[in-house]
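Novice: I need the structure of the sequence given here:
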Amino acid sequence: MAAPSRPILSVLAAALAALALVTASAVPAQAAPPPPPSLNEARSQLAQLRIAPEGSSSGYDRDLFPHWSAVQGNCNAREAVLRRDGVGVEVGADCYPDAGRWTSPYDGFTTSDPSEVSVDHMVALAEAWRSGAATWSTARRESFANDLATPQLWAVSISSNSSKSDRDPAEWLPERSAVHCDYAKSWINVKFEWGLSADSAEAAALEDLLGSAC
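Specialist: From the prediction side, this is the model:
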């Protein structure tokens, strides 16, 4: 059989290059939140948290934490998490996913419908309010509610996010025990980075998780 002519080879090369470009843009480099600290670092951060009883929920309103603000070009924080935490995600000019697949680390629920994905605040906004955020400026609360730099925002199932609500690890843990270690380390890291306190039951639960789940 004769070898392919140069024009055919050029066409094939161009097609493969185009396919590679499309694939690279469709699949995110990272399909998970920023990794939590190591076990030793998590233990160190936990030891540095201020231990104090939770404050009051008086005055709390979710709107005091402006969320889903613009963070990356046309993407708001929710859309950025959907791009980051999904597989094969493709978005339109408005940054809303047109295609993709998401698996909730909390319970293993998988969907190709972005409307079935909830973006969970690892440390819930109400929990943050009771742990120190009540005294923050609105600008700082907005930064917290849209934080992509720490493992604060997770793409999860709607049912698991609803089940969790604003409870801390002494009161609620994900259904999948395989994620408990990263969950505890992520919780600690968010509270540490944002200077939030932990109550004694919460701190004890986190200490137990670092010893039993990691």
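
Novice: which ones are touching the residue nearest to residue 93 when sequence neighbours are not counted?
Specialist: Leaving aside its sequence neighbours, residue 93 sits nearest to residue 74 (Cβ to Cβ, 6 or more residues apart in numbering; 6.8 Å). No exception for glycine: its C-beta is placed from N, CA and C like everyone else's. Counting by Cβ atoms under 8 Å, 6 or more residues apart in numbering, residue 74 touches 93-95.

Novice: whichever of these end up buried, select them in PyMOL.
Specialist: To isolate in PyMOL the members of those that are buried, counting by 16 or more other Cβ atoms under 10 Å, one can use:
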select buried, resi 95
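
Novice: in helices only, show me the contacts of residue 74.
Specialist: Residues of those located in helices (DSSP state H): none.

Novice: may I ask you to name the longest strand in the chain?
Specialist: strand 97-103 (DSSP state E).

Novice: partners of the helix or strand that comes right after that one in the sheet?
Specialist: Next in sequence after strand 97-103, counting helices and strands by DSSP states H and E, comes strand 110-111. Under the criterion DSSP bridges, strand 110-111 sits next to strand 97-103 (antiparallel) in its sheet.

Novice: quick one: contacts of stretch 76-86?
Specialist: 28, 30-33, 67-72, 75, 89, 91, 95-97, 100-102, 114, 117, 119, 145-146, 148, 153-155.

Novice: tell me where the chain has helices.
Specialist: 6-26, 39-48, 77-85, 125-130, 138-145, 158-164, 180-193, 200-212.

Novice: mean confidence score for stretch 77-91?
Specialist: Stretch 77-91 comes out with an average pLDDT of 96.
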